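Asks: pasting the sequence and the predicted model now:
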Amino acid sequence: MRLRPLTLVMCALLAALPAQAKDPAALIDHGTQLRRSGDLQRASEHLREAHARAAEPALKARAAAALGLTLYQMRRTKEAEPLLREAYERAGTPAERAPLANDLGNVMLGLRHDDEARRLYLEAQRLAPGDASLQLSTALNLARLTAPGARGDALRAAATRLPTIADARERAGYAANLGMQALGLGAAGKPLAYESLALARALAAGLADARLEAEALDGLGQLYEAERRIDDALRLTDDAVSRAQAANARDLLFRLEWRRGRLFKAAGDTDRAVAAYRRAVEHIEAVRQDIPIEYEDGRSSFRETLEPIYLGLAELLLAKADAAAGAAAQQYAREARNVVELVKRSELDDFLGERCTVESARSLDAGVLPKGTAVVYPIIFAERLEMLVETADGLQRRSQAIDADDLQKLVLGFADSLRRQRPYEAAAGVLYDRLLRPLDALLAEQQIDTLVIVPDGVLRLLPYGALHDGQRFAIEKYAVVTAPALSLTRAARNRQANPRLLLAGLSEPGPVVDQLPRWVLEALGGTATRTLTRQETREALALPGVKQEIDSLRQRLPSDVLLDQAFTLAQFEQRFATGDYSLVHIASHGVFSSSAAESFLLTYDGLLTIDGLQRLLRSEKLRRQPIDLLALSACQTAEGDDRAPLGLSGAALKARAGSALGTLWPVSDAAAMQLMSRFYARLGEPQISKAKALQQVQRSLIAEPAFNHPFHWGAFILVGSWL
């Protein structure tokens, strides 16, 4: 991308576009100015309208280029690609095509198509040999594709081009880009990083470009933080905060306050560190809608940007609680708990790929927990595991010294042993000692019989009920429920006196096999060079036990059935949307992966995505009376992916279901039929909660030799409301 440094100071120079002005050219001009000023959301709105209204080919291409560039800056790379490609292919002259080749190269790099990106950068250089700005931009972009050992030379060569850039604002932007790339080289890049960032700072100050100056100061602060020059890093960060405030750049402020917090913590000033982390979280909450869901290199925005800030604040608050007593200690611990709730909300946001769905589900507060129920928040820090335990009587803490990597290996090993029906007893005991034994006395004292686990990271892959205290499984003592967060859980009992069940099953897939992603086909036995035939795919996906499962369940409750050819997307949508069912049971293949976009269920003729569940919620009756339970008996979470179980939470949220019942791994047809049939039978009993119903069924299977290995019953987890 030809870097155009952003500054909100420019906003004062922009005349507001009248509401009635719908001329595509005017919309493009105004949208471009908004983009350069940093107002990307409004820019995209203007440019979308311009692209939709433009009829003349050249104007259409211009709108596509401007909108694509804006979406790229918003890190919405997949959306930017077709627009920039449209503009690139429509470009008439080399001078028009060259910058578009450069911009499209950035998008391809963001999509990790490195060879195509390199080709486009070189094409841009070849098409515009006399454009000094474009030559420097492509040189900096090519440096990102250079092997680490040679990147320093590529950046130093690019630096020699800086004096050829006549426009001071462009020169400052390129210097900042160069400096940040040099920072990534470590010690070898420090001299070039300092020189480039200092130049960017000086140029930005002369231009009164507060945002660009803040960005340069941010880079310099990062440089000194890496060198452990705490005082210098703090001074530069303070200056950067001042300039970012002048530019109203809250997207910069949360990162700057995060650095302040780290620096104060390193200096031993816990109070100021907590204050800085709090401000960072406040800024995140203010701009969270605009934080890209996924960065251009595929990293999760939650994992890379948000989680360390939230957990950094939680850790500091718990340290404050350790140093306090009485009410003050409780207050700090509760604030830490509230921060964990924000973590969970943002994590599910990130999984679902949107920023608004999660907030609409907030309904339950810890203050209304029923007696006998405890909510456990395990928090994984680098060298310890903290557990916050919330009950009707208050909040308590327990800590375990354990390395995060060791805990991850232990959990993954245990989960793998259950999936493959291998010996599991030793790991089940060790994990019980780590996760539940520290709570046993507290839980017994308060007569807790239901545990609501709000799992962290790899613990989402853990069936808590399968942990073993040496005498019995945890599920034999506690009904266990998983919740994405307490504030995302509907606790109100929505059970109908005479519940009606919608049963949908797929024993033999139909045309849906033609819609399966390549990675699914490869997992079924295909390869990169050999694709499975339709018949082979159908045979691999056949679920012969589904018919028997459906027949068994329809005898338990009043039901309507959609089986095989009747289980089409259209038929399911029509039945689901009537609002006639409090229970919906789907017995079909499904996979929950690392994002909602890669998670789906199979119907006979199409893929039912998590977003598709939300689109079914059209009837007013269904909105007034949401379904109580969404059961997914043949679905599974991607092995070893600790984000995949969020799919069950996401499915429940999108379907506005009180709870979801699903499996962490594929189980035998016989086990699934037995568990589901018994579960629905108990749901028909008055006053029994879903959590207790599932617990009783799992205990009954443990008592049977054919099913007592936790492979058969441990995979089933209840997510959401336990009532």
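Replies: That came through, no problem.
Asks: show me the shaky parts of the chain.
Replies: 1-22, 37-38, 289-301, 354-367, 490-497, 526-530, 617-619 (pLDDT under 70).
Asks: mind telling me what element the spatially most central residue of it is part of?
Replies: Nearest to the mean C-alpha position of the chain, by CA atoms, centre = their mean, lies Asp350 at 2.4 Å. Assigned by DSSP states H and E, Asp350 falls within helix 326-352.
Asks: that helix - contacts with which helices or strands?
Replies: If contacts are counted by 3 or more CB pairs under 8 Å, 6 or more residues apart in numbering; DSSP states H and E, helix 326-352 sits against helix 270-287, helix 307-323, strand 373-380, strand 384-391, strand 394-401, helix 646-654. Every C-beta, even on glycine, is put in place using the N, C-alpha and C of the backbone.
Asks: picking that back up, hang on, the residue nearest to the centre of the chain packs against Phe302?
Replies: Yes. With contact defined as CB atoms under 8 Å, Asp350 and Phe302 form a contacting pair (3.7 Å).
Asks: measure the residue nearest to the centre of the chain to Tyr310 for me?
Replies: 12 Å (CB to CB, to the nearest Å).
Asks: cool, and Pro378?
Replies: 15 Å.
Asks: same deal with Ala651?
Replies: On the measure of CB to CB, Ala651 and Tyr310 end up 24 Å apart.
Asks: which of those two has more residues huddled nearby?
Replies: Using other CB atoms under 10 Å as the criterion, Ala651 and Tyr310 rank with Ala651 on top: 28 against 23.
Asks: contact partners for the more buried one?
Replies: Residues near Ala651 by CB atoms under 8 Å, 6 or more residues apart in numbering: 592, 599, 610, 613, 630, 632, 657, 660, 662.
Asks: where's the fourth one, which helix or strand?
Replies: Spelled out, that is Leu613. Counting by DSSP H and E, Leu613 is part of helix 610-615.
Asks: now the helix holding Asp350, how far from the centre of its chain.
Replies: What separates the centre of helix 326-352 from the centre of its chain is 17 Å, taken as CA atoms, centre = their mean, to the nearest Å.
Asks: same deal with stretch 315-323?
Replies: 27 Å.
Asks: pull the residues that contact that stretch.
Replies: For stretch 315-323, contacts defined as CB under 8 Å, 6+ apart pick out 261, 265, 270, 273-274, 277, 329-330, 332-333, 335-336, 339, 381, 386, 397.
Asks: let's see the PyMOL selection covering just the buried ones among those residues.
Replies: Entered in PyMOL, the line below selects the buried ones among the contacts of stretch 315-323, by 16 or more other CB atoms under 10 Å:
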select buried, resi 261+265+273+274+277+329+330+332+333+335+336+339+381+386+397
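Asks: from the contacts of stretch 315-323, pick the one nearest Arg643.
Replies: When the contacts of stretch 315-323 are ranked by distance to Arg643 (CB to CB), Phe381 comes first, at 19.2 Å.
Asks: was I right about the closest one contacting Asp403?
Replies: No. Shown here, Phe381 and Asp403 do not form a contact pair, counting by CB under 8 Å, at 9.9 Å.
Asks: please identify the most buried of the helices and strands packed on helix 326-352.
Replies: helix 646-654 (a mean of 28; mean count of other CB atoms under 10 Å).
Asks: ok and it relative to helix 326-352, angle-wise?
Replies: 90 degrees (axes from the mean of the first three to the mean of the last three CA atoms, to 10 degrees).
Asks: following the chain onward from helix 646-654, which element is next?
Replies: Next element after helix 646-654 (DSSP H and E): strand 659-663.
Asks: in terms of secondary structure, what does that following strand contact?
Replies: Judged by 3+ CB pairs under 8 Å, 6+ apart, the packing partners of strand 659-663 are strand 629-632, strand 635-637, helix 646-654, helix 690-702, strand 716-720.
Asks: now the third one against strand 659-663, angle please.
Replies: Per the same axes, to 10 degrees, the angle that helix 646-654 makes with strand 659-663 is 150 degrees.
Asks: same check on the fourth one?
Replies: Angular relation of helix 690-702 and strand 659-663 on a 0 to 180 degree scale: 20 degrees, by the same axes, to 10 degrees.
Asks: which residues touch helix 690-702?
Replies: By CB under 8 Å, 6+ apart, helix 690-702 touches 450, 465, 473, 475-476, 478-481, 629, 659, 661, 671, 674-675, 678-679, 682-683, 685, 688, 707-708, 712-714, 716, 718, 721-723.
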